[in-house]
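Engineer: coords please:
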Amino acid sequence: MRVLILKYKLLFILLFFTLKIAAQDADTNSETNQVQFDTISEILKLQNLANTALISQDYKTAIGDLILAQTYSEKIKNNEYTAAIYTDFGKLFYTLKYYNKAAFEVNKAIDILKESDKSPKLASAYIQYGKIFTMTNEYNKANLYFDKAHTIFNSLNDESSLAKLKLYKGNLALMQNNETSAINYFDAALPTFEKLELPYYAALTLINKSKAFLKLESVEEEEITKNILLAEESFQKAFLLANENSFLNIKTESIYVESLISSRRKEFDKAYTLLKQYNTQKISLEHIGREVFAQDTAQKMGNGDYEKTIEELNKKLEEKESSLNMNRFTTTLSIALITILSLLTLSLYKNNNLRAKANNLLQDKNSELQLAKEKAEKASLAKAQFLSTITHELRTPLYAVTGLTHLLLEENPLEHQKEHLNSLKFSGDYLLSLINNILDLNKLEANKVEVEKTTFHLKKRINDVLIALKKSASDKNNKLILEFDDSIPNKLLGDPLKISQILINLIGNSVKFTENGYVTLRVQKISEKGETILLHFEIEDNGVGISAKKQKSIFETFSQGSLQINRKFGGTGLGLSIVKNLLQLMHSKIHLESTLGKGSKFMFDIKFDVSNQFKEDTNSHNIVYDVDYSALENLKVLVVEDNKINQMITKKILEKNKMVCDVADNGEIAVALVKENKYNLILMDIHMPGISGIEATQQIREFNKDIPIIALTAVTIDENLDDFYRAGFNEIIPKPFKTEDFFEKIHHTLFVNKTNV
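Structural biologist: Next up is the predicted model:
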């Protein structure tokens, strides 16, 4: 009885101290949160003051405010605000033209924020990086980081930041001597700055727009005069805003722009005087800014005021910390007493001890896994970028190989020449298939493939696959057999293209490793509940089979049964890996049963919805349209292509079909030719010197919205289809292409699409 009373007393004491600790912890957390809130408010205030000082080129004040803000952020150990201050230091160094230092500071900010993929502070760092790369003439990198920032600000619907991005993209275009594009960006940004009352950015946009008009080249005197007037109009507005708001740097730039205007008006004495004034003022401002960094920063700031402010900040924070330490001390004493009481329950103590050890071990493992994850992501990004670049570089010469082979085969070669050309055609098709497989696998591993849901006829889709593989099977004297469960509904809802890709890879694989045998495809219904049906697929052959050892790795990338099999049958070992990834995407798994020398069986289950509405699958990827070649005769086509060999190949393919061709070496020539001539069709390359195919298409659409334009490109287009159509393209043909597909898409664009409209 006494033992029971003692236990109740101990439990009461334990409960008392637990409640006391909870109350003290609540008070401590409240005080901590208040300190954090006050400090963050001060950081934001100092950042705003620093940015205002930077606009007015008061570098000493800007540096002082940023150093104070950094001191605050380090005290509260807030990584997000520390990163934002690094970005602001990057702005400061950028303004002073210390681009390497600016990049170093911004890179520190990006490293801190790289996990926060939706953070506006990360987007601001990306913008600053883009501005730095613009000034160091690394235009591709600048565009990349501007696009990254655009993705984040667009998701946040940040109107102000999106307008600033347009301004900086306009500056990038101006640096690349693309004045028309720059003016378009400036015109798009200006209304937002005016609406949101951002006079500094409005003035900056106007002064840069004035520069763009002055850089525009023209041979027409009337056009030159018009450009000067437009430049002067923008200059006057910018100068007025700069005077009203004391924007010193824009007032300085206004002197330079006015000298340019005077020069264009042939007022050379005035232009020279203004230019001298601009250089003197510019050098003076840059000298003042750079002098701030010539000596120790703390001394140059007039360290009395700032050290006093920092001392006051430290004193306030120490007082808060002293109060928190007292609470912690009381809490520690209470915890010590509870620990003594806890010793009475040895089992609980041991359990807590073991749990603590397990947690520490788990944290260590998590840190290791996080590090491994970061390394894997970097490696994956590098691989994806490499594959995207190398496949484009491979497709361009491959187009020449396949195109020239096709042309030579149509010129009635001798029999022994025809044999060689067919071998060359086979090699080209094989290489293209390999490139496409690598791209498919890369997209799957990067999670850039989505499952579509459309109504389709499964049995018809399977028959199309078997027809496509019939010749390969006949070449090896194999028989293709289909065993299809007739109770399966005709109308299914799923992704027919991916089903075809899976079956082509699996049946094609069985055909490759089987001779004088059979390949059987079985499709059976497992269950049907309401609007959902579960189907079982089997692909069985009596070929060479797979050893038990190799069955464990056969679905890995670049894996094959053996070196001897690779030498005998060829292939890269990508097909089964693609199948595995596609099935995982469709929430299914591939299973294998195989005996060496007797054959193999591949099995998987897929769940489909039964469709209530059915539209015949008339436009699948493997259906060839009927092409009325006579309707294409005498149509006038403009081929826009900078590669001379590709020009010749595309032109000859078209002229063999009695079509009339003009050729443009770049986008600027193409725009001029379309203005002067009437064409039935434009075939537009994407990557060209000067303006790209996308920019050329956008310019053409400004004055001709009806002419069909097809993108003829070696670029990997799967991820950018929407961008192509938004730019004004009617269709996309990837290079290299099959001639039948080439003319089918031309015919469909010229006649079928117009009929549908």
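Engineer: from here on, just use CA atoms for contacts and neighbour counts.
Structural biologist: Noted.
Engineer: which stretches of the stretch 501-650 of the chain have low pLDDT?
Structural biologist: Residue ranges of the stretch 501-650 of the chain with pLDDT under 70: 557-574, 613-626.
Engineer: which parts of it are strands?
Structural biologist: Counting by DSSP state E, counting those that start in this stretch, one finds strands in the stretch 501-650 of the chain at the ranges 518-529, 532-541, 591-595, 599-610, 636-640.
Engineer: so what's Leu113 closest to, chain neighbours aside?
Structural biologist: In space, and not counting its chain neighbours, Leu113 is closest to Leu122: 5.8 Å by Cα to Cα, 6 or more residues apart in numbering.
Engineer: gap between the two ends of stretch 130-145?
Structural biologist: Terminal residues of stretch 130-145 are spaced 5 Å apart (Cα to Cα, to the nearest Å).
Engineer: next one: it to chain centre, how far?
Structural biologist: 16 Å (Cα atoms, centre = their mean, to the nearest Å).
Engineer: and it, what's buried?
Structural biologist: Of the residues in stretch 130-145, Gly130, Lys131, Ile132, Phe133, Thr134, Met135, Tyr139, Lys141, Ala142, Asn143, Leu144, Tyr145 count as buried by neighbour count, 16 or more other Cα atoms under 10 Å.
Engineer: what would the strands of the stretch 501-650 of the chain look like in JSON lines with mean neighbour count and distance to Asn154?
Structural biologist: Converted to JSON lines, the strands of the stretch 501-650 of the chain look like this (neighbours: other Cα atoms under 10 Å; distance: least, Cα to Cα, whole Å):
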{"stretch": "strand 518-529", "mean neighbour count": "17", "distance to Asn154": "42"}
{"stretch": "strand 532-541", "mean neighbour count": "19", "distance to Asn154": "38"}
{"stretch": "strand 591-595", "mean neighbour count": "16", "distance to Asn154": "43"}
{"stretch": "strand 599-610", "mean neighbour count": "19", "distance to Asn154": "35"}
{"stretch": "strand 636-640", "mean neighbour count": "23", "distance to Asn154": "33"}
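Engineer: want to throw the ones you listed into a markdown table with distance to Val752?
Structural biologist: Converted to a markdown table, the strands of the stretch 501-650 of the chain look like this (distance: least, Cα to Cα, whole Å):
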| stretch | distance to Val752 |
| --- | --- |
| strand 518-529 | 36 |
| strand 532-541 | 36 |
| strand 591-595 | 43 |
| strand 599-610 | 31 |
| strand 636-640 | 18 |
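Engineer: those: which one's closest to Leu354?
Structural biologist: strand 591-595 (41.3 Å; Cα to Cα).
Engineer: quick one: contacts of the strand or helix carrying the residue nearest to Leu113?
Structural biologist: Using DSSP states H and E, Leu122 maps to helix 120-135. For helix 120-135, contacts defined as Cα atoms under 8 Å, 6 or more residues apart in numbering pick out 80, 83-84, 87, 90-91, 94, 99, 102-103, 106-107, 109-110, 113-114, 116, 139, 141-146, 148-150, 152-153, 165, 168, 172, 175.
Engineer: ok, back up a step: the residue nearest to Leu113: neighbour count?
Structural biologist: When counting by other Cα atoms under 10 Å, one arrives at 27 neighbours for Leu122.
Engineer: quick one: pLDDT of it?
Structural biologist: Reported pLDDT at Leu122 in the predicted model: 87.
Engineer: and the spatially most central residue of the chain, how far from Ser124?
Structural biologist: Residue closest to the average C-alpha location in the chain (Cα atoms, centre = their mean): Lys148, at 7.2 Å. Counting by Cα to Cα, the gap from Lys148 to Ser124 is 10 Å.
Engineer: same check, this time on His591
Structural biologist: With Cα to Cα as the criterion, His591 and Ser124 are 49 Å apart.
Engineer: in stretch 735-745, what's buried?
Structural biologist: Lys735, Pro736, Phe737, Lys738, Phe742, Phe743, Glu744, Lys745.
Engineer: among these, which are in strands?
Structural biologist: Using DSSP state E, no member of those falls in strands.
Engineer: could you tell me the end-to-end distance of stretch 485-501?
Structural biologist: 21 Å.
Engineer: give me the neighbour count for the nearest residue to Lys580 once chain neighbours are set aside.
Structural biologist: Nearest non-adjacent residue to Lys580, counting by Cα to Cα, 6+ apart: Ile590, 6.2 Å away. Ile590: 18 surrounding residues under other Cα under 10 Å.
Engineer: who touches Lys479 in this structure?
Structural biologist: Ala473, Asn516, Gly517, Tyr518, Val519.
Engineer: confirm for me that the second one is in contact with Ala473.
Structural biologist: No. Under the criterion of Cα atoms under 8 Å, Asn516 lies out of contact with Ala473, with a separation of 9.3 Å.
Engineer: out of the contacts of Lys479, which two sit at the greatest distance?
Structural biologist: Greatest spatial distance among those (Cα to Cα): Asn516 and Val519, at 10.2 Å.
Engineer: for the helix holding Leu122, what is the distance to the chain centroid?
Structural biologist: 16 Å.
Engineer: thinking again about what came up before, more crowded one of Asn516 and Ala473?
Structural biologist: Ranked by neighbour count (other Cα under 10 Å), Asn516 and Ala473 place Ala473 first, with 25 against 14.
Engineer: so that one makes contact with Ile467?
Structural biologist: No. Contact between Ala473 and Ile467 fails when scored by Cα under 8 Å: they sit 10.0 Å apart.
Engineer: what do the two both touch?
Structural biologist: In contact with both Ala473 and Ile467: no residue, using Cα under 8 Å, 6+ apart.
Engineer: how about Lys365, secondary structure?
Structural biologist: helix (DSSP: H, G, I helix; E, B strand; the rest coil).
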